[in-house]
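Chemist: Show me the folded form of this:
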Amino acid sequence: MRWSYNLERSQLVAIWLFAVAVMIVAIVIVGGATRLTGSGLSITEWNPVSGTLPPMSAAAWQAEFQNYQRIPQYQFINRGMTLEAFKGIFWWEWTHRLLGRLVGLVFAIPFLIFLLTRTIPRRLIWRCAVILGLGGLQGLVGWWMVASGLSQRVTVAPERLAIHLGLALVVFCACIWTGLEAWWGKARVGYGLDSRWRTLGLGLPALAWTQSLLGALVAGNQAGQIYNDWPWMNGRVFPQDYWIKGAGVWRSLLHSQAAVQFNHRLGAYLLFACAIAFAIGVSRARLPTPVRALAHLLAALVAVQAALGVWTLTSHAPLSLSLIHQIGAVLVLTTATALAWRVRRPA
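Modeler: Residues are numbered from 1 along each chain as shown. As a prediction, this is how the structure comes out:
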């Protein structure tokens with residue numbers, strides 16, 4: 001039977017969107033490993049088509065290595081690196097870019113098929129088109145981020161790293177939300193929960209998203225390598241070098257190691273308090289069981305994520321713990337997004 005654009009819901013479309021979301025998680029994890037291993041600047045050119053294939057000959061590898069030797073990261077950090085060592089960082093960045101290309105194809109091709117076969121609900125077409133556009137923008141932002149570290153810096157600009165991650169998480173949440181809409185259909189007007197709960201519910205993923213960006217600033221500034229005590233910061237509540245002398249407010253907020261770590265800590269405390277308060281509130285209000293279950297799960301995940309953050313910090317941010325902490329952030333954001341979606345559904 002041929003469906004029309006007036007189809008109310010489609011589990012096939014939902015599965016497709018959830019699969020794309022899983023791939024975005026993979027990109028985020030590989031991207032985190034790429035940054036933590038210092039691999040993000042190993043490919044100094046942006047070739048969307050020809051860059052799909054890695055160097056296929058010894059001469060091609062040597063040319064790629066010579067390009068890397070021209071940038072400050074090699075000259076000031078990795079001078080003397082061997083070709084084999086360069087290949088180690090190259091593969092991280094190449095894999096990250098390849099996954100980005102694959103996600104674009106996995107999204108664009110099925111979307112076109114769904115349009116041609118009229119098997120996607122009409123109300124979801126514009127949402128999917130926006131997601132596709134944001135995905136394309138993400139590729140440009142990724143190169144804009146890499147370009148910041150090719151001339152005067154030895155790493156990418158932390159604020160550009162945060163924007164790159166933030167946009168990826170926006171696309172991820174949009175896939176989750178739209179996938180839920182495709183699976184369950186449109187909510188009936190007038191049957192949702194009280195508007196207060198809908199507003200508070202939306203605040204939780206917004207907080208989780210903001211906290212992820214603050215974490216990206218910590219990672220971009222290597223701020224996890226200092227102030228490795230908790231709950232204090234070198235024995236103080238407020239770090240004494242929060243502000244960079246002679247710098248403006250924005251530069252301090254984005255580039256001061258003390259500032260970005262302190263702000264990330266505050267964000268964690270706020271998210272923890274809000275998640276716990278929301279879970280208690282929905283229980284006392286006797287909201288539907290799915291809402292209570294998601295709220296309790298979110299509170300538990302935030303608590304675990306906070307403990308994991310402390311462990312990562314006091315261990316001087318090793319690669320393994322840093323990646324687990326990043327995965328935890330994605331789980332928190334996923335649950336918060338699902339909860340925000342659920343509180344807008346019929347009671």
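
Chemist: Using the record's assignment, carve this protein into domains.
Modeler: For the chain, automatic domain parsing gives the domain ranges 1-186, 189-347.

Chemist: mind putting those domains in CSV, mean neighbour count and mean pLDDT included?
Modeler: C-beta coordinates here come from the backbone N, C-alpha and C atoms, glycine included. Shown next, in CSV, are the domains of the chain (neighbours: other C-beta atoms under 10 Å; pLDDT from 0 to 100):
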stretch, mean neighbour count, mean pLDDT
domain 1-186, 17, 93
domain 189-347, 17, 92
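
Chemist: show me what contacts Glu45?
Modeler: By C-beta atoms under 8 Å, 6 or more residues apart in numbering, Glu45 lies in contact with Gly51, Asn67.

Chemist: how about it, secondary structure?
Modeler: Using DSSP: H, G, I helix; E, B strand; the rest coil, the structure places Glu45 in coil.

Chemist: For stretch 183-196, give the distance from the opening residue to the closing one.
Modeler: One end of stretch 183-196 sits 25 Å from the other (C-alpha to C-alpha, to the nearest Å).

Chemist: quick one: the helices in the chain?
Modeler: 11-36, 58-69, 72, 83-117, 122-147, 158-184, 195-220, 249-255, 257-284, 289-314, 319-342 (DSSP state H).

Chemist: who wins for proximity to Arg236 among these?
Modeler: helix 257-284 (9.9 Å; C-beta to C-beta).

Chemist: for the closest one, packing partners?
Modeler: Applying 3 or more C-beta pairs under 8 Å, 6 or more residues apart in numbering; DSSP states H and E, we find helix 257-284 packed against helix 195-220, helix 249-255, helix 289-314.

Chemist: So Phe107 sits against Ile24, correct?
Modeler: No: Phe107 is beyond contact range of Ile24, at 9.7 Å (criterion: C-beta atoms under 8 Å).

Chemist: returning to that earlier point: let's have the helices of the chain in TSV, adding distance to Ile226.
Modeler: Formatted as TSV, the helices of the chain follow (distance: least, C-beta to C-beta, whole Å):
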stretch	distance to Ile226
helix 11-36	16
helix 58-69	28
helix 72	22
helix 83-117	24
helix 122-147	23
helix 158-184	14
helix 195-220	10
helix 249-255	13
helix 257-284	5
helix 289-314	10
helix 319-342	15
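
Chemist: Those: which one's closest to Asp229?
Modeler: The nearest among the helices of the chain, by C-beta to C-beta, is helix 289-314 at 7.0 Å.

Chemist: now the angle from that closest one to helix 195-220?
Modeler: Here helix 289-314 points in a direction 20 degrees away from that of helix 195-220 (axes from the mean of the first three to the mean of the last three C-alpha atoms, to 10 degrees).

Chemist: Could you give the separation of helix 289-314 from the chain centroid?
Modeler: 17 Å (C-alpha atoms, centre = their mean, to the nearest Å).

Chemist: packing partners for that helix?
Modeler: Under the contact rule (3+ C-beta pairs under 8 Å, 6+ apart), helix 289-314 is packed against helix 257-284, helix 319-342.

Chemist: Could you check these and tell me which one is nearest His164?
Modeler: Closest to His164 of those is helix 319-342 (C-beta to C-beta; 13.7 Å).

Chemist: dump the residue contacts of Gly40.
Modeler: By C-beta under 8 Å, 6+ apart, Gly40 lies in contact with Thr34, Trp92, Glu93, His96, Met145, Val146, Gly149, Thr155, Val156.

Chemist: redo that, cut-off 7 Å
Modeler: By C-beta atoms under 7 Å, 6 or more residues apart in numbering, the contact set of Gly40 is Thr34, Glu93, Val146, Val156.

Chemist: Which single one of the residues you listed is nearest to Ile324?
Modeler: Ranked by distance to Ile324 (C-beta to C-beta), these are led by Thr34 at 16.3 Å.

Chemist: Excluding residues flanking it in the chain, which one is nearest Gly220?
Modeler: Leaving aside its sequence neighbours, Gly220 sits nearest to Pro158 (C-beta to C-beta, 6 or more residues apart in numbering; 2.9 Å).

Chemist: Same check on Gly203?
Modeler: Nearest to Gly203 is Cys274, by C-beta to C-beta, 6+ apart, at 7.0 Å.

Chemist: doesn't Pro205 make contact with the one you found?
Modeler: No: the pair Cys274 / Pro205 is not scored as a contact, 11.1 Å apart, by C-beta atoms under 7 Å.

Chemist: which two in the contacts of Gly40 are spaced the farthest apart?
Modeler: Going by C-beta to C-beta, the pair spanning those furthest: Glu93 and Val156, at 11.3 Å.

Chemist: OK, contacts around Phe90?
Modeler: Counted by C-beta under 7 Å, 6+ apart, Phe90 has contacts Ser42, Ile43, Glu64.

Chemist: Distance of the last one relative to Arg292?
Modeler: Distance from Glu64 to Arg292, counting by C-beta to C-beta, to the nearest Å: 54 Å.

Chemist: do the second one as well
Modeler: As judged by C-beta to C-beta, Ile43 and Arg292 stand 47 Å apart.

Chemist: swap in Leu167?
Modeler: 32 Å.
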